[in-house]
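*Asks:* following is a predicted model, sequence given first.
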Amino acid sequence: SQTIHQWPATLVQPVGSPLSLECTVEGTSNPNLYWYRQAAGRGLQLLFYSVGIGQISSEVPQNLSASRPQDRQFILSSKKLLLSDSGFYLCAWSLPGQANTEAFFGQGTRLTVV
Amino acid sequence: ELKVEQNPLFLSMQEGKNYTIYCNYSTTSDRLYWYRQDPGKSLESLFVLLSNGAVKQEGRLMASLDTKARLSTLHITAAVHDLSATYFCAVVPNFGNEKLTFGTGTRLTIIP
């Protein structure tokens, strides 16, 4: 069966520090991968999505970037964090061309920038 | 740009009552999903709706899809406290990409 791992679960980082959040999927090949951010009490904002290795679509201009170095690995990065980067970050995967299944979410990373 | 709107944003209802959450979207799609989120937690999949007229039911929740009206509903029957959560709909457009775009969410509170 397929599983998604996202870490760390909680992170406190100072303003200006770098960030690296990692997400890996097991049990499937060539998944669509997504990074979302959720501010406190708000909805989900799509940050990046990827349909294949090295293929990244950016949805929101910001100081974040994403990479997909391997088929089932999706990394969210920043060189210098801002206070506004605080939030709940969620990674998700779905099967391409398989409309009859939904996207499945990792457990999330709660990032607090101080 | 695909827009997905839910209403209401906040809903307080008494146990035992019925209510409906609405999800409107702005582009052609026959792929709509409903999720539940408990406070501080990730998202849990509830329903997958893939065609006009699709109806799915699980316990006290029933979801439907009208692709012509670009509208989905999540109906709650005889609400119980355990249903208190935030509910999101999400849409993938029929053409162009695999972007999964979420609605604004409806925070549901069931009052005893």
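*Replies:* Sure, I can see it. Here the structure is a predicted model, which is why all the values come from computation and not from measurement. Numbering: from 1, shown residues only, chains lettered A, B, ... in the order given.
*Asks:* need the contact partners of stretch A:92-104.
*Replies:* The set of residues that contact stretch A:92-104 without belonging to it, under Cβ atoms under 8 Å, 6 or more residues apart in numbering or on different chains, is A:2, A:4, A:25, A:28, A:30-34, A:36, A:51, A:105-106, B:31, B:33, B:35, B:43, B:45, B:48, B:50, B:90, B:92, B:98, B:100. (Glycine included, C-beta is placed from N, CA and C.)
*Asks:* for stretch B:29-38, what is the distance to the chain centroid?
*Replies:* With Cα atoms, centre = their mean, to the nearest Å as the basis, the distance from the averaged C-alpha position of stretch B:29-38 to the chain average is 6 Å.
*Asks:* list the buried residues of it.
*Replies:* Within stretch B:29-38, the residues that count as buried by 16 or more other Cβ atoms under 10 Å in any protein chain shown are B:29-37.
*Asks:* same check, this time on stretch A:27-37
*Replies:* For stretch A:27-37, burial by neighbour count (16+ other Cβ under 10 Å) applies to A:28, A:31-37.
*Asks:* now, the most widely separated pair of the buried residues of stretch B:29-38?
*Replies:* For those, the maximum inter-member distance is 24.1 Å, found between B:Asp30 and B:Gln37 (Cβ to Cβ).
*Asks:* could you pull up the mean pLDDT of stretch B:98-112?
*Replies:* Stretch B:98-112 shows an average pLDDT of 92 in the prediction.
*Asks:* are it and chain A in contact anywhere?
*Replies:* Yes: using Cβ under 8 Å from any Cβ of the partner chain as the criterion, contacts between stretch B:98-112 and chain A involve B:98-105.
*Asks:* ok, now stretch B:58-74?
*Replies:* No: no part of stretch B:58-74 sits close enough to chain A to count as contact by Cβ under 8 Å from any Cβ; the gap is at least 12.1 Å.
*Asks:* and the contacts of that stretch?
*Replies:* Residues from elsewhere that reach stretch B:58-74, judged by Cβ under 8 Å, 6+ apart: B:20-30, B:32, B:34, B:46-47, B:49-57, B:75-80, B:83, B:87, B:89.
*Asks:* buried subset of those residues, written for PyMOL?
*Replies:* To isolate the buried subset of the contacts of stretch B:58-74 in PyMOL, counting by 16+ other Cβ under 10 Å, use the following:
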select buried, chain B and resi 21+23+24+25+27+29+30+32+34+46+47+49+50+54+56+76+77+79+83+87+89
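*Asks:* restricted to strands, list the contacts of stretch B:58-74.
*Replies:* Counting by DSSP state E, the contacts of stretch B:58-74 place B:20-25, B:32, B:34, B:46-47, B:49, B:55-57, B:75-76, B:87, B:89 in strands.
*Asks:* from A:Gly43, how far off is the nearest residue to A:Leu81 once chain neighbours are set aside?
*Replies:* The spatial neighbour of A:Leu81 that comes closest, neighbours along the chain excluded (Cβ to Cβ, 6 or more residues apart in numbering or on different chains), is A:Val113 at 4.8 Å. Here the distance between A:Val113 and A:Gly43 works out to 20 Å (Cβ to Cβ, to the nearest Å).
*Asks:* could you do B:Gly103 as well?
*Replies:* To A:Gly43, B:Gly103 is 7 Å away according to Cβ to Cβ.
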